[in-house]
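1. Have a look at this fold, sequence not included:
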């Protein structure tokens, strides 16, 4: 479990964030700070805006107001690893999917580094298989390998164990906690065990609003 942000210099800073879709649905996050090496959980009901908030942190959506800054600078996607609830798959092998981030950066060791992460996550035996032939849990681990192989400074996880249950879920969240150590991490999950293993504190989002920590509803969600 990571250190509380009060003892860490903020690496991720959110200020006055406002975002709205054409449908009128809007998101508001007045402030959030995540220290380097800290893991923060994000909870709330379905449709509250948690996944959209992660996309804003990743620079995949642009706010109408406010800003997200990484280490005092504008968002740089090269510093971020994102594991989606439904992983984006690229046509090709498991290894090609895991290595794509490094290949796009021109890294000559992309294949070797990706294979190391596939081995760590125990799916290297599928490296040459078409990724579409893998089970949901195996695809989730391939997505984790793809996110971690670039050594991101910020790790964003959207229901990372949605396709795992029981002993497998417990085992892989413990492994992910080790993989995420030293990185700023924001994890969305409905599972209290995930948050207990990965997060040092929990923030709450309801109806598109990131609630202040002293808000009564936020306290009830954390409880």
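-> Okay, I see it. The structure displayed is predicted, hence computed values, not measured ones.
2. Run a quick neighbour tally on residue 54.
-> Burial of residue 54 is recorded as 23 neighbouring residues (other CB atoms under 10 Å). Yep, even glycine has a C-beta here, placed from its N, CA and C like the rest.
3. May I ask you to confirm that it is in contact with residue 82?
-> Yes - using CB atoms under 8 Å, residue 54 and residue 82 qualify as a contacting pair, with a distance of 7.2 Å.
4. Quickly list what's touching both of those two.
-> Common contact partners of residue 54 and residue 82 (CB atoms under 8 Å, 6 or more residues apart in numbering): 156, 158.
5. can you tell me which helix in this protein is longest?
-> helix 166-180 (DSSP state H).
6. contacting residues around residue 108?
-> By CB under 8 Å, 6+ apart, residue 108 has no neighbours at all.
7. sorry, that was for residue 118
-> With contacts defined as CB under 8 Å, 6+ apart, residue 118 is in contact with 94, 95, 98, 124, 126, 127, 142, 145.
8. now do residue 40
-> Contact criterion CB under 8 Å, 6+ apart gives 5, 32, 34, 185, 186, 187, 199, 200, 201, 202, 203 as the residues in contact with residue 40.
9. gap between it and residue 157?
-> To residue 157, residue 40 is 11 Å away according to CB to CB, to the nearest Å.
10. which residues do the two both contact?
-> Taking CB under 8 Å, 6+ apart as the contact criterion, the common neighbours of residue 40 and residue 157 are 185, 186, 187.
11. Strands - which of those land there?
-> For the shared contacts of residue 40 and residue 157, membership in strands holds for 185, 186, 187, with DSSP state E as the criterion.
12. so who does residue 155 touch?
-> Going by CB under 8 Å, 6+ apart, residue 155 touches 80, 81, 83, 147, 148, 180, 183, 184, 185, 186.
13. hey, what's the first one bridged with?
-> According to DSSP bridges, the residues that bridge with residue 80 are residue 154.
14. Now do the lowest-mean-pLDDT helix or strand in the chain: distance to the chain's middle.
-> Of the helices and strands making up the chain, the lowest-confidence element is helix 166-180, at a mean of 82, by mean pLDDT, DSSP states H and E. Using CA atoms, centre = their mean, to the nearest Å, we find the averaged C-alpha position of helix 166-180 to lie 14 Å away from the chain's own average C-alpha position.
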